[in-house]
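A.B. asks: Requesting a structural model of the entry that follows:
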Amino acid sequence: MPSLLERFIDTSKPLATYEELTRNFSIHIPADFNFTYDIVDEYARIEPDRRALVWCNDENEEHIFSFRDLSEASARTAHYLYHLGIRKGDAVMLILRRRYEFWFFILALHRLGAIAVPATNMLLASDIEYRNNTAGIKAIVTLEDDTLQKEVEKALVSSPTVQKLVTIGKPRAGWETFSETYTQLPAVFPRPTGSDATHNDDIMLLYFTSGTSGYPKMVQHNYSYPLGHIVTAKFWQNVVEGGLHLTVAETGWAKAVWGKLYGQWIAGSAVFAYDMLSFVPARLLEKMQKYQVTTFCAPPTVYRYLIRQDLSKYDLSHLVYCVTAGEALNDEVYTRFYEKTGLKMYEGYGQTELTLTIGNFPGMEPKPGSMGKPAPGYHVDIVDSEGNSCSADEVGEIVLRLEQGHPFGMFAGYYHDEKLSNAVFQGNLYHTGDTAYRDEDGYYWFIGRTDDMIKSAGYRISPFEVESVLQKHPAVLESAVTGVNDEKRGQIVKATIVLSPGYEASKKLSQEIQEFVKHQTAPYKYPRIIEFTKELPKTISGKIRRVEIREQDQKSC
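C.D. replies: From the prediction side, this is the model:
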């Protein structure tokens, strides 16, 4: 039985090359589409035993769920939530790491027409309180975690909208226990009608962006949003019919639904979830080998650690396609991974506010370090500070041109924040806040956030440029380049470095790295300050928080 993909796109037209994809691709949008009813339940009806989710953890637990399993589990969970008083439009925060119950709850919330608000288990009380009050959270569902649940309880003092707390696992005073009543509930939840029915423009998801500065923004996506990830899964991740896709992502950030739910199932691939307590490269490779992962997506940070492993020890013969996003990809990492595996990495670019926006697609020859070309439906441009299109190789801001309407899968604005929405939607442009340039062949090359650029003695320096050079030095495992205020030059370049195993921090090593950079790129780019650290500050999506390093430097001045 083929996937449901053909119900939403016209596969009679050729889509094998980038030119064909951008010319022929379109999405059929059903009226009142609801992912749980129209995808999960439909698979459960026509092919109930089809594999949907393969889950494991570090305690050697394993669960393999069919679409029938998930249809029934999400129906029971919907009944459970309904009995707790959750109705259409209510916001429910899910702090479930990679527990398989995340899929039960998010699919159940889609059934109810409620708003799912995924969040990371690393939040503290102040973070939770902020989310509770800005999103009007009515219920919070968490995994069994005493530290996390204490933070939730602290936040309740100033969170008047929260009415219910739900724990997965052992009972806890003041909390509802999901496992106690769940299995006794009906395995069917009829599709709501009338005023309870969902519509394409209803809010389905709220994501608090991890961001590099300021308070998190609330990105709202509607019920048609999952269809936007057909491009993400089928034409960028290149998922395999009947295969098993792994995206390394915690469910608290948007990359999880980019790679662990919507597009993969529509396109006919099962998803793999490894609920790791900490990232250990060897264990990840063991899981990929054991479960025969076919397609793989991870941020460059993960690949940087994987290439340090002896990959010949692992049978990755089932792995056919690899992609990366989240940070710019250093060509050194690309080259070494290709040498070790024979697999090219296909980079992509997007934001929590969007679906895949720029990518390297099947039929394209990737240029190491390039994000690729605009995805079908997205009209991407590079503009200068005046809003004029930049010429080839000129650095500017990535914007979306909206003269032909909003791209499918794009958010409608920031929830309850008209001022912030107006700041990014100006005229017929959406401003991403990211800088890049476009080469003569139409490939886009990421530079950085607009506020990450370093201006030193009249030169504009991209952190990514310097980090790419640093990555070539064997002592450098990871690095973050920032600007430090300087009376003479305005700013000077600083490199914060995590050393590779076997290297020790020293003045001699600092000087060696500085000389290495001077001979690999323009001398004005070399880091005049080098600081060694055990780890870099990052968002939960794996992006380096350069803003945190800058703030620490300012405090120490």
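
A.B. asks: From now on I want contacts and neighbour counts done on CA atoms only, so please keep to that.
C.D. replies: Fine.

A.B. asks: Poorly predicted segments of the stretch 1-150 of the chain, please.
C.D. replies: 1 (pLDDT under 70).

A.B. asks: Please enumerate the helices of it.
C.D. replies: 18-24, 35, 41-46, 67-83, 101-112, 125-135, 146-155 (DSSP state H, counting those that start in this stretch).

A.B. asks: Between those helices, which one is closest to Gly263.
C.D. replies: Gly263 lies closest, by C-alpha to C-alpha, to one member of these: helix 35, at 10.4 Å.

A.B. asks: Mind giving me the packing neighbours of that closest one?
C.D. replies: The helices and strands touching helix 35, judged by 3 or more C-alpha pairs under 8 Å, 6 or more residues apart in numbering; DSSP states H and E, number zero.

A.B. asks: Other residues contacting that helix?
C.D. replies: Here helix 35 makes contact (C-alpha atoms under 8 Å, 6 or more residues apart in numbering) with Leu107, His110, Tyr223, Pro226, Tyr262.

A.B. asks: and the spatially closest residue to the second one that is not a sequence neighbour, how many neighbours?
C.D. replies: Here the nearest residue to His110 in space, its sequence neighbours aside, is Thr36; by C-alpha to C-alpha, 6 or more residues apart in numbering that works out to 6.3 Å. Residue neighbour count, defined by other C-alpha atoms under 10 Å, stands at 22 for Thr36.

A.B. asks: isn't Thr36 right next to Leu109, touching?
C.D. replies: No - Thr36 is not in contact with Leu109 according to C-alpha atoms under 8 Å; the separation is 9.1 Å.

A.B. asks: And the spatially most central residue of the chain, its phi and psi?
C.D. replies: With distances taken as C-alpha atoms, centre = their mean, the residue of the chain nearest its centroid is Lys255 (2.1 Å). Dihedral angles of Lys255 (phi, psi; degrees, to the nearest 10) stand at phi -60, psi -20.

A.B. asks: ok, now how distant is it from Thr167?
C.D. replies: Per C-alpha to C-alpha, to the nearest Å, Lys255 is found 24 Å from Thr167.

A.B. asks: ok, now Leu185?
C.D. replies: Separation of Leu185 from Thr167 (C-alpha to C-alpha): 17 Å.

A.B. asks: Spell out, range by range, the helices that occur in the stretch 451-557 of the chain.
C.D. replies: Using DSSP H, counting those that start in this stretch, the helices of the stretch 451-557 of the chain run over residues 463-470, 507-520, 546-556.

A.B. asks: what's the angle between the first one and helix 546-556?
C.D. replies: Angle between the axes of helix 463-470 and helix 546-556 is 90 degrees (criterion: axes from the mean of the first three to the mean of the last three C-alpha atoms, to 10 degrees).

A.B. asks: what's the spacing between helix 463-470 and its chain's center?
C.D. replies: Offset of helix 463-470 from its chain centre (C-alpha atoms, centre = their mean, to the nearest Å): 23 Å.

A.B. asks: Mind giving me the packing neighbours of it?
C.D. replies: Helix 463-470 sits against strand 444-449, strand 476-486, helix 507-520, with contacts defined as 3+ C-alpha pairs under 8 Å, 6+ apart.

A.B. asks: and if you look at the last one?
C.D. replies: Counting by 3+ C-alpha pairs under 8 Å, 6+ apart, the packing neighbours recorded for helix 546-556 are strand 476-486.

A.B. asks: The strand it packs on pairs with which strands?
C.D. replies: Applying DSSP bridges, strand 476-486 is found paired with strand 490-499 (antiparallel).

A.B. asks: can you tell me the average pLDDT over stretch 528-535?
C.D. replies: Averaged across stretch 528-535, the pLDDT comes to 94.

A.B. asks: neighbour count winner among Leu185 and Thr167?
C.D. replies: More crowded of Leu185 and Thr167, by other C-alpha under 10 Å: Thr167, with 22 against 16.

A.B. asks: quick one, the helix or strand containing the more buried one and helix 146-155 angle?
C.D. replies: In this assignment (DSSP states H and E), Thr167 forms part of strand 164-168. Computed by the same axes, to 10 degrees, the angle separating strand 164-168 from helix 146-155 equals 180 degrees.

A.B. asks: what sits up against strand 164-168?
C.D. replies: By C-alpha under 8 Å, 6+ apart, strand 164-168 touches 84, 101, 138-144, 174-179.

A.B. asks: Given that strand, what are its sheet partners and their directions?
C.D. replies: Strand pairing for strand 164-168, determined by DSSP bridges: strand 137-143 (parallel), strand 176-177 (parallel).

A.B. asks: Go through the longest one and flag the buried ones.
C.D. replies: Within strand 137-143, the residues that qualify as buried by neighbour count (16 or more other C-alpha atoms under 10 Å) are Ile137, Lys138, Ala139, Ile140, Val141, Thr142, Leu143.

A.B. asks: how about stretch 167-185 as PDB, C-alpha atoms only?
C.D. replies: Taking Å, rounded to 0.1, in the frame of the first residue of the first chain, the C-alpha atoms of stretch 167-185 are listed here in PDB:
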ATOM      1  CA  THR A 167       2.400  13.500  35.200                       C
ATOM      2  CA  ILE A 168       3.600  10.600  33.100                       C
ATOM      3  CA  GLY A 169       4.700   7.800  35.500                       C
ATOM      4  CA  LYS A 170       4.400   7.600  39.200                       C
ATOM      5  CA  PRO A 171       1.600   9.500  41.100                       C
ATOM      6  CA  ARG A 172       2.500  12.900  42.500                       C
ATOM      7  CA  ALA A 173       0.600  14.900  45.000                       C
ATOM      8  CA  GLY A 174      -1.500  17.600  43.300                       C
ATOM      9  CA  TRP A 175      -1.100  16.100  39.900                       C
ATOM     10  CA  GLU A 176      -3.300  13.900  37.600                       C
ATOM     11  CA  THR A 177      -1.600  10.600  36.700                       C
ATOM     12  CA  PHE A 178      -2.000   9.700  33.100                       C
ATOM     13  CA  SER A 179      -1.200   6.000  33.300                       C
ATOM     14  CA  GLU A 180      -3.800   5.300  36.000                       C
ATOM     15  CA  THR A 181      -6.900   5.800  33.800                       C
ATOM     16  CA  TYR A 182      -5.600   6.000  30.300                       C
ATOM     17  CA  THR A 183      -6.000   2.300  29.200                       C
ATOM     18  CA  GLN A 184      -9.700   2.100  30.400                       C
ATOM     19  CA  LEU A 185     -10.900   4.800  28.000                       C
END
